[in-house]
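J.: dropping the sequence and predicted coords here.
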Amino acid sequence: MPFQNKFFTLAPHCSLKRLEEPYLYDIESDELYELGEEAYQFLLKCSQGEDVSVRKEDEEFIQYCLSENLIAPSETPVKRKGIPHPSPIPSLRYLEFQITDRCNLRCRHCYIGDGLHQDLPLKKIYKILKEFEEIQGLRLLLSGGEPLLHPQFWEMNEILRDYAFRSILLSNGTLITREVAQRLRVHEVQVSLDGMKEGHESIRGEGTFEKVLQAIENLQETNIRVSVATMIHRKNLEEFDKLASLIQSKNIGEWNVDVPCIAGRMGENRDLWVEPSEAGRFLQYGYGGGLHTSEKNACCGAHLCAIIANGNVCKCGLFSQEPVGSIEEGLRVCWERIPRIQLKELRCNCSEIEECRGGCRFRAKYFGDLFQPDLFQCYARGVLKGGE
């Protein structure tokens, strides 16, 4: 059936991206669609309010975009701001943005440790938001400390949806009342839930468990997507089956399970530490999520960097003591300085390397150096067996 409209518009929740290849990014669903050059140019014309002549061979593609709610027919042209500029290679897709190191809890496993009450100034936050959009970023991970404690959080919150990237708030959940949830303009909130009541409160403090469960309910009532992050520690090992049932009962679409690193307060609370041979199997509890990767020959962090509360830029938050520069120099400049490790440089020799990407380099460094295997991943994937 021929299309009568001369104009199509990109859906408000979609954005064209020039990464290693051209893409269309659905910010709401977090779906990244790879495009051929012709498809990209067609959608670029749509985004610039140009009329398009639809060829017979274009109709199937247009119908698919309409069915996925990526474009919509329009009687009049609608022009988006700007044309995407090519990203650096590799592309910076995920930015861990620690806007403050303030926190209302004193968690026993926190790798940051005691904060210095540092807050990134709002002017610098706005600068980074703009630069991340210009660099073709996909996900902004608002972190801390507890990001809600930034003195100007709510001013920043008001403009988050003005940018062409997905914003995710990483929170301990204890401050997310019904009123807070209703004010949030982020696309997703990831709350920390580190066990059932006993296990969770053994590291985060009395009264925190019920507050997190209430936060999940408050967020879901306002139709904000909720994901959960859980750290494996000595006090929650017997709770994982019950925790899995609880999380699934809350209709959580993504559960990230990880292991705390020996840094910050975790160094003072080694009784919480679980060895790789025991902890590995618990990593398999997580589900959902995933990264939009392209660098198949690079290990962890191929598309991620972090900005910490003092304005330094580093490989990730765990590498905060090894900054590559400051936000004063510009995000692109610092990103291009991030050291990259190729998979072939690792001392890993197994069939799982393409899947695990070598695991976490900070954990590997703790056990020896940057180039050796992440033992937690080795045990999680059965490359090593418990007791070896």
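T.: It's in. Residues are numbered from 1 along each chain as shown.
J.: all strands of the stretch 51-200 of the chain, in order?
T.: Remark: strands assigned in the stretch 51-200 of the chain by DSSP state E, counting those that start in this stretch are 71-74, 94-98, 139-143, 166-171, 188-192.
J.: between the ones you listed, which gets the lowest average pLDDT?
T.: Of all those, strand 71-74 carries the lowest average pLDDT, namely a mean of 90.
J.: how far does it sit from its chain's centre?
T.: 30 Å (Cα atoms, centre = their mean, to the nearest Å).
J.: what does it rub up against?
T.: 3, 5, 7-11, 14, 43, 46, 62, 65-66 (Cβ atoms under 8 Å, 6 or more residues apart in numbering). Using the backbone N, CA and C atoms, a C-beta is placed for each residue, glycine as well.
J.: can you tell me which of those residues is nearest residue 316?
T.: Distance to residue 316 across the contacts of strand 71-74 (Cβ to Cβ) is lowest for residue 14, with 28.4 Å.
J.: roughly how far does the closest one sit from residue 52?
T.: Distance, residue 14 to residue 52, using Cβ to Cβ, to the nearest Å: 16 Å.
J.: and these two? Which one has more around it.
T.: residue 14 (26 against 17; other Cβ atoms under 10 Å).
J.: circling back: turn the strands of the stretch 51-200 of the chain into CSV, columns for mean neighbour count and distance to residue 228.
T.: Listed next are those as CSV, based on neighbours: other Cβ atoms under 10 Å; distance: least, Cβ to Cβ, whole Å:
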stretch, mean neighbour count, distance to residue 228
strand 71-74, 16, 33
strand 94-98, 24, 18
strand 139-143, 23, 15
strand 166-171, 24, 11
strand 188-192, 23, 6
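J.: can I get those strands in CSV including distance to residue 317?
T.: CSV is the format used below for the strands of the stretch 51-200 of the chain (distance: least, Cβ to Cβ, whole Å):
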stretch, distance to residue 317
strand 71-74, 37
strand 94-98, 6
strand 139-143, 7
strand 166-171, 10
strand 188-192, 14
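J.: which among the contacts of strand 71-74 gets closest to residue 86?
T.: Using Cβ to Cβ, residue 43 is the member of the contacts of strand 71-74 that lies nearest residue 86, at 16.1 Å.
J.: please spell out the ChimeraX selection for the buried subset of the contacts of strand 71-74.
T.: Remark: buried members of these, expressed as a ChimeraX selection using 16 or more other Cβ atoms under 10 Å:
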select :7,8,9,10,11,14,43,46,62,65
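J.: inside helices: which ones of the contacts of strand 71-74?
T.: 43, 46, 62, 65-66 (DSSP state H).
J.: and which of the residues you listed is nearest residue 112?
T.: Nearest member of these to residue 112, counting by Cβ to Cβ, is residue 43, at 41.4 Å.
J.: which residues touch the closest one?
T.: Residue 43 neighbours (Cβ under 8 Å, 6+ apart): 10, 16, 24, 35, 65, 71.
J.: mind listing what's buried along the helix or strand bottoming out on mean pLDDT in the chain?
T.: When each helix and strand of the chain is scored by mean pLDDT, DSSP states H and E, helix 353-356 comes last, with a mean of 82. Residues of helix 353-356 classed as buried under the neighbour-count rule (16+ other Cβ under 10 Å) are 353, 356.
J.: right, and the helix or strand after it?
T.: Remark: after helix 353-356, the chain's next helix or strand is helix 361-367, criterion DSSP states H and E.
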